[in-house]
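**Q** Structure for this input, please:
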Amino acid sequence: MARLPRLYAPDIPQLALASFAQPLAHPADPAPAAQLDKLAEWLREVVQEQRASVHGWVLLNDRLALLATPAAHDSVARLIQALGRRYASRLQHGRVFAGRYRSALLQPGQWVLPALLWLDYLPVQAGYIDQPQAWPWSSAAHHTGVGADPTAWLTDHPDYWVNGNTPFERQANYRRLLAQGLPPAQQQRLESALFGQWALGDPAFLANLSASASRRVAPAPRGRPKKKEEKKEMGAPTLHR
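**A** Below you'll find the model as predicted:
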């Protein structure tokens, strides 16, 4: 089966996930702090070079995940490729990523905040730590206001700003939401869109998006299309024996 072209639409947030061809360490091993620090530094550099609007990020031993609003159809691809070039030339030679990165377009006002929570909670879900804020290689510290903020280069999405009228209020509300975690059904929908490389939103959003997107935004219905019933021709002659 031919692989799907990249899904892109102007000014629509995009969640992306790239898996490393060779994990930096196994989940049961201590976090390779020096390597993760380097990757986080290079990520900051390429985000600033590409002038990308990145709203959230996380680096794990085996993957990178980003939430960004790309300025052009290939903005996210260029960002990931630039990080890969630094990785391959300075840290580990050879192939960096295990195949193409996965991505999904998200409806603002509905799915951006859940995507941020999903990103920042990934280290807990992967079993690295018990509290998202304790993982230094993510946007959790920025969004929760806990500890030092290594991600001053992030661009807050408006969906994060509606979380409160002041930074303190936004951070406190985000900490509460992060502690609750995403409902399983919401997490499943988000991950299905990401790994299927589709758009995620209500029917009206998907319909409007179809007009400007680079390809089909949702999977086709399963099964064969229903055949239209053939209408009997009016006035057709009747056969007699």
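
**Q** where does residue 211 fall, phi/psi-wise?
**A** Main-chain dihedrals, residue 211, degrees, to the nearest 10: phi -70, psi -30.

**Q** Quick one: neighbours of it, just the number.
**A** Residue 211 is flanked by 8 other residues according to other CB atoms under 10 Å. C-beta here means a position set from N, CA and C on the backbone, and glycine is covered the same way.

**Q** As a check, name the ranges of all strands in this protein.
**A** Along the chain, counting by DSSP state E, strands occupy 14-19, 53-59, 63-69, 102-106, 199-200.

**Q** got a markdown table for the ones you listed, with distance to residue 216 too?
**A** Shown next, in a markdown table, are the strands of the chain (distance: least, CB to CB, whole Å):
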| stretch | distance to residue 216 |
| --- | --- |
| strand 14-19 | 16 |
| strand 53-59 | 25 |
| strand 63-69 | 21 |
| strand 102-106 | 12 |
| strand 199-200 | 9 |
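
**Q** any chance of these in JSON lines, plus mean neighbour count, mean pLDDT and distance to residue 184?
**A** Converted to JSON lines, those look like this (neighbours: other CB atoms under 10 Å; pLDDT from 0 to 100; distance: least, CB to CB, whole Å):
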{"stretch": "strand 14-19", "mean neighbour count": "21", "mean pLDDT": "96", "distance to residue 184": "18"}
{"stretch": "strand 53-59", "mean neighbour count": "25", "mean pLDDT": "96", "distance to residue 184": "20"}
{"stretch": "strand 63-69", "mean neighbour count": "23", "mean pLDDT": "96", "distance to residue 184": "19"}
{"stretch": "strand 102-106", "mean neighbour count": "24", "mean pLDDT": "94", "distance to residue 184": "18"}
{"stretch": "strand 199-200", "mean neighbour count": "23", "mean pLDDT": "91", "distance to residue 184": "16"}
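
**Q** among these, which is nearest residue 136?
**A** Closest approach to residue 136 among the strands of the chain is made by strand 53-59 (9.4 Å; CB to CB).

**Q** out of the strands of the chain, which comes closest to residue 180?
**A** strand 53-59 (17.3 Å).

**Q** Output the closest one in PDB, but only the C-alpha positions, please.
**A** Extracted in PDB, the C-alpha atoms of strand 53-59 (Å, rounded to 0.1, in the frame of the first residue of the first chain):
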ATOM      1  CA  SER A  53       5.900  28.100  16.700                       C
ATOM      2  CA  VAL A  54       6.400  25.100  19.000                       C
ATOM      3  CA  HIS A  55       3.800  24.800  21.900                       C
ATOM      4  CA  GLY A  56       5.000  21.700  23.600                       C
ATOM      5  CA  TRP A  57       7.700  19.000  23.400                       C
ATOM      6  CA  VAL A  58       9.100  16.000  25.100                       C
ATOM      7  CA  LEU A  59      12.300  13.900  24.600                       C
END
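
**Q** Does anything pack onto that strand? Which helices or strands?
**A** Applying 3 or more CB pairs under 8 Å, 6 or more residues apart in numbering; DSSP states H and E, one finds that strand 53-59 contacts helix 33-50, strand 63-69, helix 112-125.
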